[in-house]
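Visitor: Okay, predicted coordinates and the sequence, questions at the end:
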Amino acid sequence: ILNVEQSPQSLHVQEGDSTNFTCSFPSSNFYALHWYRWETAKSPEALFVMTLNGDEKKKGRISATLNTKEGYSYLYIKGSQPEDSATYLCASPFQGAQKLVFGQGTRLTINP
Amino acid sequence: DTAVSQTPKYLVTQMGNDKSIKCEQNLGHDTMYWYKQDSKKFLKIMFSYNNKELIINETVPNRFSPKSPDKAHLNLHINSLELGDSAVYFCASSPDTRQPQHFGDGTRLSIL
């Protein structure tokens, strides 16, 4: 089953609060896990690509962890700002690692 | 300076017409992709080309025909447009699926 699932589907967070959301993927034949940030009326922008179990990556206030054995990744945002409002997509390669399958995204809204 | 550029940005046309969307990348990537953002905002892979060779062809009506004249270009031609073809189409490129994908700005296709 080529399922990449994200939860929650949407999230409202108060400015200044920290938040996190989940991406789950099949753990067998794992190849890589991608995170993208997608602002309304723009194109998806890559945040991280993670390949190793236990990997942790950080970009400013955003960080991500990876557990390939149980098939999940968390994205964390510390001290949310209004400009963090976007849809966050995760994706994983399938079919001989030639095809990237995207989750449905977590739509994050930061309330000022 | 634009890494992945697709044209046109907006395309409004009548049902039954034939239209093309062009995509060019100046990143030197070997692989290019076409995605469709469906009505539920999912990003779904349509086609993938590696060095001008078709490697992924999802269950897409054969009215959709990609063409890659060289590895920097991947164009999408659509024959006999139908109402259900209305969507945003994104072009992307990457060296491989362990590297981030770079997306174009999208083409919003509206069928009247």
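Guide: Received it, and whenever you're ready, just let me know what you need. Numbers count the residues shown, from 1 in each chain, chains lettered A, B, ... in the order given.

Visitor: So residue A:68 is in contact with residue A:53, correct?
Guide: Yes - contact status for residue A:68 versus residue A:53: in contact at 4.1 Å, counting by C-beta atoms under 8 Å. Where C-beta positions appear, they are placed from N, C-alpha and C, glycine not excepted.

Visitor: Compare neighbour counts for those two and give me the winner.
Guide: Applying other C-beta atoms under 10 Å in any protein chain shown to residue A:68 and residue A:53 shows that residue A:68 carries more neighbours, namely 20 against 12.

Visitor: separation between the more buried one and chain B?
Guide: 13 Å (C-beta to the nearest C-beta, to the nearest Å).

Visitor: contacting residues for that residue?
Guide: A:27, A:30, A:33, A:52, A:53 (C-beta atoms under 8 Å, 6 or more residues apart in numbering or on different chains).

Visitor: Which residues are in contact with the residue nearest the centre of chain B?
Guide: Centroid-nearest residue in chain B: residue B:34, 3.2 Å away (criterion: C-alpha atoms, centre = their mean). Taking C-beta under 8 Å, 6+ apart, we find residue B:34 in contact with B:23, B:45, B:46, B:47, B:48, B:66, B:74, B:76, B:89, B:90, B:91.

Visitor: Need the three-state assignment for whichever residue of chain A sits closest to chain B.
Guide: Closest residue of chain A to chain B, C-beta to the nearest C-beta: residue A:46 (3.2 Å). Look at residue A:46: counting by DSSP: H, G, I helix; E, B strand; the rest coil, its state is strand.

Visitor: Walk me through which strands the helix or strand of chain A with the lowest mean pLDDT pairs with, and which way each runs.
Guide: Least confident helix or strand of chain A, by mean pLDDT, DSSP states H and E, is strand A:99-102 with a mean of 89. Paired with strand A:99-102 in the same sheet, following DSSP bridges, are strand A:86-94 (antiparallel).

Visitor: So what's the model's average confidence on the partner strand?
Guide: Averaged across strand A:86-94, pLDDT comes to 93.

Visitor: May I see the buried residues of it?
Guide: A:86, A:87, A:88, A:89, A:90, A:91, A:92, A:93, A:94 (16 or more other C-beta atoms under 10 Å in any protein chain shown).
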